[in-house]
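Asker: The following block contains a protein sequence and its predicted model.
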Amino acid sequence: MQNSIDTAFEAHLGVSMSEGIFTPCAVYRRNMDFIEYMTKDEVTVSDRIDHFLTLIWNLQQDEVVGFKLKGFQFVYDKFIKQQGNDSPAFIEIAPVLERLISAAGKQFLEDLNAARREAYEQAINLARRTNARIDWQLAA
């Protein structure tokens with residue numbers, strides 16, 4: 001039974017579950033309207049920063065290994081779809097986060113305390129460093 005599941009995943013998604021190799025990935029959960037991005041397959045601790053961002057730390061809480069971005073449908077409609085790119089194959093996460101913060105304006109940045117500002121920077125840096133992107137065709 002397990003071999004047939006492994007074979008199906010590998011054939012359809014290009015992922016081998018039997019190799020034990022984790023590939024960093026971003027997944028859009030449409031029914032809950034959030035993106036979850038993970039760089040490691042390990043026990044984690046979630047740290048809710050605000051209504052939009054949750055950082056995901058390793059168990060020792062010394063490394064950010066992922067994040068959740070809530071309300072992504074609004075972000076997609078506002079920053080991607082309105083720019084004429086209605087059905088991209090992939091969506092790069094770091095530029096989307098940067099555009100969101102920029103569009104929120106100076107007041108938003110001023111309202112962020114140092115810890116929240118650092119959390120957003122950590123999410124952007126992780127996304128940029130690992131080339132985080134969503135396969136939008138799979139999400140749609």
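Answerer: Yes, it's here.

Asker: residue contacts, Thr39?
Answerer: Thr39 sits next to Pro24, Val65, Gly66, Leu126, Thr130 when contact means CB atoms under 8 Å, 6 or more residues apart in numbering. From N, CA and C alone the C-beta is placed, and that goes for glycine too.

Asker: Where does pLDDT dip in this structure?
Answerer: Along the chain, the model assigns pLDDT under 70 to residues 1-6, 9, 12-20, 82-88, 105-109, 137-140.

Asker: what do you get if the cut-off is 80, keeping everything else the same?
Answerer: 1-22, 75-90, 100-113, 135-140 (pLDDT under 80).

Asker: The chain: helices as residue ranges?
Answerer: Assigned helices in the chain, in chain order: 2-13, 72-75, 93-111, 114-129, 136-139 (criterion: DSSP state H).

Asker: mind giving me a markdown table with the ones you listed and columns for distance to Lys81?
Answerer: Listed next are these as a markdown table, based on distance: least, CB to CB, whole Å:
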| stretch | distance to Lys81 |
| --- | --- |
| helix 2-13 | 26 |
| helix 72-75 | 10 |
| helix 93-111 | 12 |
| helix 114-129 | 20 |
| helix 136-139 | 11 |
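
Asker: between those, which gets nearest to Leu59?
Answerer: Evaluated over the helices of the chain, closeness to Leu59 peaks at helix 114-129, with 17.0 Å, by CB to CB.
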